[in-house]
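Trainee: quick one, what's the 3D model for this:
(2 chains)
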Amino acid sequence: MSYIYSFLMLMIPWIVLSGFFDSFHLTLGIISSAMIAAWSGDILFKDLSKSAIQRLIQAGQFFQYVIWLLYEVVMANLHVTYLAFHPNVTQEIDPVMIRFKSNLKSEVAQFILANSITLTPGTVTVRITDSEFLVHSISRQAAEGMPGIMEKKIKRIFES
Amino acid sequence: MSILDWIAVLFLFAGSFFFLGTAIGLLRFPDFYTRTHAAGKGDTLSSFLILAACMCYAISHSHDGLGTVLLVLKLLFIANFIGIGSPTATHAIMDAGYETGVTHWHKDKAK
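Mentor: A predicted model of the protein is given here:
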């Protein structure tokens, strides 16, 4: 099953990026995707405990999360731009380093939480050791909100 | 100029404005960590806005439908890679700074 998923994952970008729909280019795409899927298909999809429908639901939830994250990205940019144009920056900011333990287990979930923290207003992930996050925050106010609803949202998508 | 062209212009202006904010933040913030804040966040949205402007322009000036769909999909691929790459790069630079022992700026350290 993982071979078929890998084949599709390679074939769809091939079609989009090549833009040719004649039999020659499509055959080339099928041959190369099939070869890569046969050699390394077992690397990409290790966990097959969930069915394809469950995965699709998960993808939908993740898409919802991305929409919510885009809103946060806009807020983060407005915040940074406001600080950049503020006449007295050093008065406005109060940077702190904070540590917190996350109860996310899988590496993918931790990676997404780390990138989400970086994209939301006022905070950047510095380091993850085991499940302890080191976060640099530009103000105490932003630090108090960590890890917040983001972690719950990610936990619901990836570990429920 | 169609309405989509005006939307593209608007997106380009917004993207350039946020890039300007990022550059000014990069110069004005007090230390390494806060400067990386500005660089890491400003990049993402400004790039997204400029890519959105490219999409609007491509749709408004399209000659064949399929080519435009492929073009927009390719731009979405780029947006996807920037969305993953930008925060990861910020994190890598931050981690390198922390590793080499850069101390961060405190409020009470100002004087």
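
Trainee: and the helix or strand harbouring A:Val73, what does it pack onto?
Mentor: Assessed by DSSP states H and E, A:Val73 sits inside helix A:52-85. In terms of contacts (3 or more Cβ pairs under 8 Å, 6 or more residues apart in numbering or on different chains; DSSP states H and E), helix A:52-85 is packed against helix A:107-119, helix A:148-158, helix B:3-28, helix B:32-60. In short, each C-beta sits where N, CA and C put it, glycine included.

Trainee: what's the closest of the ones you listed to B:Thr68?
Mentor: helix B:32-60 (5.7 Å; Cβ to Cβ).

Trainee: does A:His136 sit in a helix, a strand or a coil?
Mentor: strand (DSSP: H, G, I helix; E, B strand; the rest coil).

Trainee: residues touching it, list them.
Mentor: A:Pro95, A:Val96, A:Met97, A:Thr123, A:Val124, A:Val126, B:Tyr33, B:His37, B:Met94, B:His104 (Cβ atoms under 8 Å, 6 or more residues apart in numbering or on different chains).

Trainee: what do you get for B:Lys41?
Mentor: A:Val73, A:Ala76, A:Asn77, A:Val80, A:Thr118, A:Leu119, B:Thr22, B:Thr90.

Trainee: so what's the residue count around B:Asn80?
Mentor: For B:Asn80, the count of nearby residues is 11 (other Cβ atoms under 10 Å in any protein chain shown).

Trainee: give me the element it is part of.
Mentor: Judged by DSSP H and E, B:Asn80 forms part of helix B:65-99.

Trainee: do any residues in that helix lie close to chain A?
Mentor: Yes - interface with chain A: helix B:65-99 contributes B:67, B:70, B:73-74, B:77, B:84, B:87-88, B:90-91, B:94-95, B:98 (Cβ under 8 Å from any Cβ of the partner chain).

Trainee: of those, closest to chain A?
Mentor: For those, the minimum distance to chain A (Cβ to the nearest Cβ) is 3.9 Å, reached by B:Pro87.

Trainee: distance of B:Trp58 from B:Ala52?
Mentor: That one is not Trp; residue B:58 is Ala. 11 Å (Cβ to Cβ, to the nearest Å).

Trainee: so where's chain A uncertain?
Mentor: A:46-48, A:143, A:145-147, A:160 (pLDDT under 70).

Trainee: got the residues of it near chain B?
Mentor: A:13, A:16-17, A:19, A:70, A:73-74, A:76-77, A:80-81, A:83-85, A:89-90, A:93-95, A:97, A:114-115, A:118-119, A:122, A:124-127, A:134, A:136, A:138.

Trainee: again, 6 Å this time
Mentor: A:16, A:19, A:73, A:76-77, A:80-81, A:84, A:89-90, A:94-95, A:115, A:118-119, A:124-127, A:136, A:138 (Cβ under 6 Å from any Cβ of the partner chain).
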